[in-house]
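Undergrad: Need coordinates for the below:
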Amino acid sequence: MITRERSLLIIISGPSGAGKSSLSSYFVDAHDSCRMSLSATTRPPRGDEVDGREYRFLSTEEFLARKEKGEFAEWAVVHGHHYGTPRRFLSECAERGESVVFDIDVQGSMQLRKGYPDAMFIFVLPPTRRALRERLEGRNTDSTEVVETRTKNALEEVSYVRRFDYLIINDNLDQAKADLEAIVRAERLKAGRADWQRFLADE
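TA: Numbering: from 1, shown residues only. Alright, predicted model coming up:
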């Protein structure tokens with residue numbers, strides 16, 4: 001179990017259909033001290049999504065006004081809609097000692113890399129492009145045109161993989177979950193993150 005003593009920013013990125021949402025949700029559910037990043041977006045809600053739970057749904061005008069005020073730690077335009085992470089949300093989680101898990105696109109990840117260099121950056125890919133397309137088609141939520149666009153965008157997104165710290169090939173979800181657990185555990189054990197000060201303070 002992850003402790004509350006030190007918060008982490010866990011950035012999980014990759015193309016649509018790679019499985020980053022499944023991995024992010026699993027990790028947050030498995031660890032009480034983790035929170036899912038709550039992004040703002042201008043896209044309309046899908047299915048039973050609720051404002052303040054999956055996203056903060058904003059009008060384009062309100063989103064742009066907040067962006068101009070510098071209220072977002074990162075922001076990007078993805079598939080024609082604006083997305084952004086409120087700085088206030090991250091600072092509040094850090095004050096409570098909570099780690100934050102991001103299910104985020106590549107553009108946003110690169111912005112977070114600049115502002116939060118100590119965060120963990122994990123890229124998720126399916127084993128093949130065919131597998132990616134099959135997953136997108138299997139959702140039954142997007143038109144053929146959207147599937148085509150997202151498949152094409154995946155080729156550009158994968159070019160950023162070397163800028164990430166870790167790569168998870170999501171061929172088997174259970175194995176991908178185990179890989180994610182191992183990655184975070186390894187980060188926790190790094191000397192720079194470990195509570196070695198406790199050893200010096202204890203007599």
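
Undergrad: so what does the longest helix along the chain touch, helix or strand wise?
TA: In terms of residue count, the longest helix belonging to the chain (DSSP state H) is helix 173-188. Under the contact definition 3 or more CB pairs under 8 Å, 6 or more residues apart in numbering; DSSP states H and E, helix 173-188 sits against helix 20-30, strand 120-125, strand 166-169. The way it works is simple: take the backbone N, C-alpha and C, and place the C-beta from them, glycine included.

Undergrad: pLDDT score for residue 3?
TA: Looking at residue 3, its pLDDT reads 42.

Undergrad: Give me the neighbour count for residue 60.
TA: Using other CB atoms under 10 Å, residue 60 is surrounded by 10 other residues.

Undergrad: Quick check: closest non-adjacent residue to it.
TA: residue 42 (4.8 Å; CB to CB, 6 or more residues apart in numbering).

Undergrad: still on that earlier bit, with mean neighbour count added, can I get the helices and strands packed on helix 173-188 in a markdown table?
TA: Listed next are the helices and strands packed on helix 173-188 as a markdown table, based on neighbours: other CB atoms under 10 Å:
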| stretch | mean neighbour count |
| --- | --- |
| helix 20-30 | 18 |
| strand 120-125 | 24 |
| strand 166-169 | 18 |
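
Undergrad: Tell me which of these sits nearest to residue 101.
TA: helix 20-30 (5.0 Å; CB to CB).

Undergrad: What segments of this protein are strands?
TA: Using DSSP state E, the strands of the chain run over residues 9-13, 34-36, 39-41, 55-57, 72-78, 81-86, 99-104, 120-125, 166-169.

Undergrad: got those as a markdown table, with mean pLDDT and distance to residue 92 columns?
TA: Compiled in a markdown table, those are given as follows (pLDDT from 0 to 100; distance: least, CB to CB, whole Å):
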| stretch | mean pLDDT | distance to residue 92 |
| --- | --- | --- |
| strand 9-13 | 96 | 13 |
| strand 34-36 | 94 | 9 |
| strand 39-41 | 92 | 15 |
| strand 55-57 | 91 | 14 |
| strand 72-78 | 88 | 12 |
| strand 81-86 | 92 | 9 |
| strand 99-104 | 93 | 10 |
| strand 120-125 | 94 | 20 |
| strand 166-169 | 95 | 27 |
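
Undergrad: Distance to residue 151 added to the ones you listed, as CSV?
TA: Shown next, in CSV, are the strands of the chain (distance: least, CB to CB, whole Å):
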stretch, distance to residue 151
strand 9-13, 17
strand 34-36, 26
strand 39-41, 22
strand 55-57, 24
strand 72-78, 15
strand 81-86, 18
strand 99-104, 19
strand 120-125, 13
strand 166-169, 18
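
Undergrad: With respect to residue 112, which of those lies nearest?
TA: Across the strands of the chain, closest to residue 112 is strand 72-78 (CB to CB), at 5.0 Å.
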